[in-house]
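Below is the structure, and that's it, no one-letter string:
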């Protein structure tokens, strides 16, 4: 879809956006800002209305975009009209269109209309809710929104929490609190040169857990070697018996178990670790339990789908990402915990210039519970979104996505030339093309390699069509195509089109 031309003003003086930038040392004057905001709002609405006309992924190669921009920063100011024209010509056509209903890769991140409006107002207010006094509304509305989400997810009022940017940060904060819970006093004493920790510490997670756990171990100074990956079963779920045995071995060797990370909706296959059994081990061993439900957590909004979440109420901390399946613009991650005081112990630092001394009532300063000082007012967009859709509206949309994925899985299962490679507990289907005649070669490494190459080619060809966009992983060593339904705008016709393209390319490449 070609960018829509700007309306031509009657004269230059009628269009404040044609002026060359901002004169002097001032900001945009209200008249120019109002005109620019209206122009931007039109661009936004036009994009959302016509996003399906773009290829989901642009037909470009790495390194082809940078030469389109000047090599040096502009000295002279430019007119807003010119800047917005360049935005249409250079930015939009070269974006991966996550807003496209054919975006079926990774885990969808939809910037819904209500969330976008919230982002606009957030930028306008320019709040920094690091302290209560730097943003009373930012601080207290965050408490409201966190509790609304906690109730919607069916978790008890013993859970409190805060909003962070991503699950990577939420998990890092949780593991930092786990260090304090283990009595290491790492916030004050650090970990380097500690003779009491000579044998090392341990964090446990399944072999299918997200890489952010390993990165958190790196960042927190406990090292990648401290992460012990526990084997999974044929459904890619963590084995509780293997976990219990690993903890026993490590204690016998003098290592200190810090935390267990269990996952509801793993990144590759969206498998569900047996949370209740893992929680029982965590309680018996006195080890912090963190539950990564970044992707699948919103499904808990549906009371009849909470079987997968049994036991998560026993966790010490939980992460759910509203920017994945609650249609909130990036970024917004919800970190819930039953032990806020330990988050504070991990990060509390109050220099005199950050103290609130002119209020008698107790205040919550969220910078005391996380590594960052400056923070975004993320609660505003969530407040607007929750009020616009309501919990019932969110449930209906999530339920629709679950139904679309189940239907796609049925199509895979019914076709003898395709096979599903993992269960489908939520809205992601893992599968590959495997011609019926290839079954007899199942143990042949050469055939496995050929199937990997074939499926990679099928996925690449489908993505080149521009109509849909898929991603991949490896399960049990096999190249696996993933179709993840989570985009607010995805309908059955988009999933059906993906299936048609997959079969078309399989027929073309498989015959070669």
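Happy to help now that I have it. The model shown is predicted, which means the values in this text are computed figures rather than measured ones.

Residue 291 falls within a helix, correct?
No: counting by DSSP: H, G, I helix; E, B strand; the rest coil, residue 291 is located in no helix; its state is strand.

Can you give me the end-to-end span of stretch 71-83?
16 Å (CA to CA, to the nearest Å).

got the buried residues for it?
79-81 (16 or more other CB atoms under 10 Å). (Each C-beta comes from the backbone N, C-alpha and C, glycine too.)

next one: stretch 295-310
Result for stretch 295-310 [16+ other CB under 10 Å]: buried residues 295-302, 305, 308-309.

Which secondary structure element of the chain has the lowest mean pLDDT?
Every helix and strand of the chain was ranked by mean pLDDT, DSSP states H and E. The lowest is helix 186-189, at a mean of 86.

just to revisit the earlier point, redo the buried residues of stretch 295-310 as CSV? Include distance to residue 36 and secondary structure.
Shown next, in CSV, are the buried residues of stretch 295-310 (distance: CB to CB, whole Å; DSSP: H, G, I helix; E, B strand; the rest coil):
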residue, distance to residue 36, secondary structure
295, 37, coil
296, 40, coil
297, 38, helix
298, 35, helix
299, 40, helix
300, 41, helix
301, 38, helix
302, 42, coil
305, 44, helix
308, 47, helix
309, 46, helix
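
Distance of residue 295 relative to residue 392?
Computed as CB to CB, to the nearest Å, the residue 295 to residue 392 distance reads 22 Å.

ugh, wrong one, I meant residue 246
43 Å.

who's more crowded, these two?
residue 246 (19 against 9; other CB atoms under 10 Å).

can you tell me how far the more buried one sits from residue 263?
16 Å.

before we move on, what about residue 486?
17 Å.

one step back: so which residues make contact with the helix or strand just after the least confident helix or strand of the chain?
For helix 186-189, the following helix or strand on the C-terminal side (DSSP states H and E) is strand 201-206. With CB atoms under 8 Å, 6 or more residues apart in numbering as the test, strand 201-206 has contacts from 175, 178, 182, 184, 191, 213, 217, 222, 226-232, 236-238, 243, 246-247, 250, 255-263, 266, 273, 287.

Can you name every helix or strand that the top helix by length along the chain contacts?
As assigned by DSSP state H, the longest helix anywhere in the chain is helix 379-414. The contact analysis (3 or more CB pairs under 8 Å, 6 or more residues apart in numbering; DSSP states H and E) places helix 379-414 against helix 113-125, helix 136-152, helix 322-325, strand 418-420, strand 428-433, strand 478-484, helix 492-510.

Residue 238 is in contact with residue 244, isn't it?
No: look at residue 238 against residue 244 with CB atoms under 8 Å: they stay out of range, at 11.1 Å.

More neighbours: which of those two?
Using other CB under 10 Å, the more surrounded residue of residue 238 and residue 244 is residue 238, with 29 against 17.

Specify the beta-bridge partners of the spatially closest residue to the more buried one that is not a sequence neighbour.
Residue nearest to residue 238 in three dimensions, not counting chain neighbours: residue 206, with 3.7 Å by CB to CB, 6 or more residues apart in numbering. When bridges are called by DSSP bridges, residue 206 pairs up with residue 230.

Please renumber the chain so that the first residue is 283 from this point on.
Sure, I'll start counting at 283 from here, so that last one is residue 488.

measure residue 488 to residue 385 for me?
Relative to residue 385, and taking CB to CB, residue 488 is found at 27 Å.

Thanks a lot, see you next time.
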